[in-house]
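>>> Give me a 3D structure for the following:
(chains A and B)
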Amino acid sequence: MRIRNADKEQLVKQKAIELLVKDGFENFTVNKLAKACGISVATLYIYYQHKDDLIIKIGKEEHKKMSDAILSNFDPESSFEEGMKQQWKARAKYFLENRFMMYLFDQFKHSSYQEKIFAGEENDFKTKMGLFVTNAVRRGEVNPMPVEVFWSIAFAPLYTLLRFHHDGTSIGGKPFELNDESLLKTLELVIKALRK
Amino acid sequence: MEDIFILKTNIKTPAEKLLVENIFDSNDEIIQWNLDQKDIDCVLRVKSSTLCYESIVKMINSLGFDGAELE
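Numbering: from 1, shown residues only, chains lettered A, B, ... in the order given. Here you go, the predicted model:
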C-alpha cells in the first residue's frame, strides 16, 4: 500500500507547472514528471488518476490560488482609482511570486482544458470585478464600454510589464526589471485613459 | 481503509479496455478504477479496501492480459 506525502505532493505540483510551461501539454508526460521529481511513476499515480487528471487538478488549484490572492482585500465598492491600485498591486505580487503561472494560464486559455479549469470563475472573480466596474460607471468615474476594451486598457499593460520583467528585457532587448516606480507610473496613465 | 494499487499492464486498446471494464465495474470490491492508456506502461489504478496486488493481477491474467505492480 502506498501512502500520500504532503511534501512530495508539493514538489510534484511545482515541477509539473515548470514542465507544462517548458514542454507544453502534448509533450508533457507522467514519466518525465516522475524523473524530474526523483520519484517513481507509480507514486504519481497515487495522487492522480492519469495525465489529464493531473493537469486539470493542478490548473484548478492554481486558478483558485490566483483568484484568492488577487481578490484578497479587494472591495468592489472602492473608488475606481483605489480599486485599480489594489488590483495592480495584488496581480503584480502574485505573478512576480509565481512566474510560471502567467504562461501556464495562457496555455490553459488556448487549450481543451479551458472549460474544466475556468468553470466556476463566474461565481466569484468575474462577479466581484464586474461589480467594481459597474460601480465605477454608476458613480460616473468611467464610461461604459465592452469588457474586452476595458480589460485591454486596464490590465494588459500590467501583463506586458510582467512579461518584460520575467524575460529580463523589454523592447529591442533592452534590460528591464519591474519596480514600484514603473508600475505606478503605468497605472497612473491607465487610470487617466479610462477615467471620465 | 482504502488502498490504491498501481499496476503496469498491456491493456493497450479501447477494445481491450472494454473487456476489463465489464469485469471491474461489476466487482463490488473495487471502489474505483481507471486505466491510463496514454502512458507507456498502460497504468491501471485500482482503489479497494479488500483486494491485494495478487488478486488484482489474477483478475487481469484471467482476461488474458499481463499485469504487475508498478515500482
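>>> Nearest the geometric middle of chain B, what residue?
Centroid-nearest residue in chain B: B:L44, 4.4 Å away (criterion: Cα atoms, centre = their mean).
>>> Which helix or strand contains that one?
strand B:43-48 (DSSP states H and E).
>>> I'd like the distance between the closest residue to the residue nearest to the centre of chain B other than its chain neighbours and A:A136.
Nearest residue to B:L44 in three dimensions, chain neighbours excluded: B:L7, at 4.5 Å (Cβ to Cβ, 6 or more residues apart in numbering or on different chains). Just so you know, the C-beta spots here come from the backbone N, C-alpha and C atoms, and that holds for glycine as well. To A:A136, B:L7 is 57 Å away according to Cβ to Cβ, to the nearest Å.
>>> Name the residues that touch stretch A:18-35?
The contact list for stretch A:18-35 (Cβ atoms under 8 Å, 6 or more residues apart in numbering or on different chains) reads A:12, A:15-16, A:36, A:40-41, A:43-45, A:48, A:50-51, A:54-55, A:58, A:100, A:103-104, A:107, A:111, A:113, B:36, B:39-40, B:43.
>>> so how far does it reach from one end to the other?
13 Å (Cα to Cα, to the nearest Å).
>>> What mean pLDDT does that stretch get?
For stretch A:18-35, the mean pLDDT works out to 91.
>>> Would you mind listing the buried residues in that stretch?
Across stretch A:18-35, burial judged by 16 or more other Cβ atoms under 10 Å in any protein chain shown covers A:19-21, A:25, A:28-30, A:32-34.
>>> out of these, which one sits closest to chain B?
A:V30 (5.7 Å; Cβ to the nearest Cβ).
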